[in-house]
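S.K.: Pasting the sequence and the predicted model now:
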Amino acid sequence: MPKTFRCHLFWCGHDREDQEKPSCARRGSPDIGKQLKQEMRDRGLRNEVAVTKSGCLGQCSVGPAMIVYPEGTWYKVENMEDAREILDCHLENGNVVDRLVIRD
Ligand code: FES
């Protein structure tokens, strides 16, 4: 039986070489994603919260983009300080971080 997680965070690792359109990898998402995954391990959350690299999430103009399920909350995450706030508030305690939410 597949493992079930309490929530799942996808971070965009898409790298667009032509640079006609922005991409999250060019704005630092790979470093943030790797550090976030390590923090999850350090906090012992790896069996509760999945962190997965994704392709383009369609939020290129405002990224680096992340989305947290099951809520489907979109975030703009520019640095590890932002990522830690999402980890502390949303992933550990279920509270959305309003200041980082990507809105329509
Ligand atoms: S490149 Fe990240 S959302 Fe499109």
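M.R.: Yep, it's here. Residues are numbered from 1 along each chain as shown.
S.K.: Tell me the residues of this structure that contact the ligand?
M.R.: The chain comes close to the ligand at residues Cys12, His14, Ser23, Cys24, Cys56, Leu57, Gly58, Gln59, Cys60, Gly63, Ala65, as judged by Cβ under 6 Å from any ligand atom. Heads up, the C-betas are built off the backbone N, CA and C, glycines and all.
S.K.: OK, contacts around the fourth one?
M.R.: Put plainly, it is Cys24. The contact partners of Cys24, by Cβ atoms under 8 Å, 6 or more residues apart in numbering, come to Trp11, Cys12, Gly13, His14, Cys56, Leu57, Cys60, Gly63, Pro64, Ala65.
S.K.: what does the first one give?
M.R.: Neighbour list for Cys12: 24-25, 29, 53-57, 59, 63-66 [criterion: Cβ under 8 Å, 6+ apart].
S.K.: Could you rerun that using 10 Å?
M.R.: Residues near Cys12 by Cβ atoms under 10 Å, 6 or more residues apart in numbering: 23-25, 27, 29-30, 33, 53-60, 63-67, 77.
S.K.: what do you get for the second one?
M.R.: For His14, the set of contacting residues under the criterion of Cβ under 10 Å, 6+ apart consists of 23-26, 29, 53-58, 60, 63-65.
S.K.: can you tell me which of the contacts of Cys12 are in strands?
M.R.: Counting by DSSP state E, the contacts of Cys12 place Lys53, Ser54, Ala65, Met66, Ile67 in strands.
S.K.: who wins for most neighbours among the residues you listed?
M.R.: Neighbour counts for these, by other Cβ atoms under 10 Å, peak at Met66, which reaches 28 neighbours.
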